[in-house]
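Student: no sequence for this one, just the structure:
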Ligand code: FES
């Protein structure tokens, strides 16, 4: 296959023709942060965390969807790039339930990790409207909490392209955009098979497995409808 040579941060990098800047950077072990990208599954340039500067381009470009060209010069860590990524993170966190300490994904959350790396944890966030949502616990084995969703659409892509189920999608438009099931049904009312692929690819705590405590709380709230199907781990004396 024909290779193309570009420069990234002054270093020559060769990558197959048709590669994106992100793919070329990964070949050269140059780190570019991503949130929405999932190779060959979700390449939609939605989150803008992967922006880089390209010499001659009028604005920053999303490296996960921008193809390389011969002689291209790319810069991945200029002040302009870092400032843009930081502002994107601040915007995401401004409309995010920032209760990391009580979140099941704390310590294993891509958003939390990037916030730490870019030092935006304790920064002032943007004031303004906050999306209102209620967790969907209608499915047997999982909970969707859109207060932690960053609209990356990885779950949408994996449900459709990997599992071939396609019960997750975007509802509404603009600031009101939210990820859920068609006609805003609860996940439990759809043909979701609880495969858990969406949980595995979620970069935050927006999707998680139900646990025993969730079952107990639901049973306390509505004992006629909810039957506890899981058993608590056995406690052995001695
Ligand atoms: Fe490139 Fe999200 S990783 S836009």
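Tutor: Now that the structure is in, tell me what you want to look at. Keep in mind the model is a prediction, meaning the values are calculated, not measured.

Student: return the per-residue confidence for the residue nearest to the spatial centre of the chain.
Tutor: By Cα atoms, centre = their mean, the chain has its centre lying nearest to residue 203, at 3.8 Å. Confidence at residue 203, expressed as pLDDT, is 97.

Student: how close does the nearest residue to it once chain neighbours are set aside sit to the ligand?
Tutor: In space, and not counting its chain neighbours, residue 203 is closest to residue 110: 3.7 Å by Cβ to Cβ, 6 or more residues apart in numbering. C-betas here are computed from N, CA, C, even on glycine. As judged by Cβ to the nearest ligand atom, to the nearest Å, residue 110 and the ligand stand 10 Å apart.

Student: dump the residue contacts of residue 110.
Tutor: Contacts for residue 110 were tallied using Cβ atoms under 8 Å, 6 or more residues apart in numbering; they are 35, 203, 204.

Student: nearest to residue 93, of these?
Tutor: Here the nearest of these to residue 93, counting by Cβ to Cβ, is residue 204; it sits at 10.5 Å.

Student: looks to me like that closest one is in a helix.
Tutor: No - the assignment for residue 204, made by DSSP: H, G, I helix; E, B strand; the rest coil, is coil rather than a helix.

Student: what about it, how many residues nearby?
Tutor: A count of nearby residues for residue 204, using other Cβ atoms under 10 Å, gives 23.

Student: so the residue nearest to the centre of the chain sits against residue 148, correct?
Tutor: No - Residue 203 is beyond contact range of residue 148, at 9.9 Å (criterion: Cβ atoms under 8 Å).

Student: residues from the chain in reach of the ligand?
Tutor: Contact residues, the chain versus the ligand (Cβ under 6 Å from any ligand atom): 34, 35, 36, 37, 45, 46, 47, 48, 49, 50, 62, 64.
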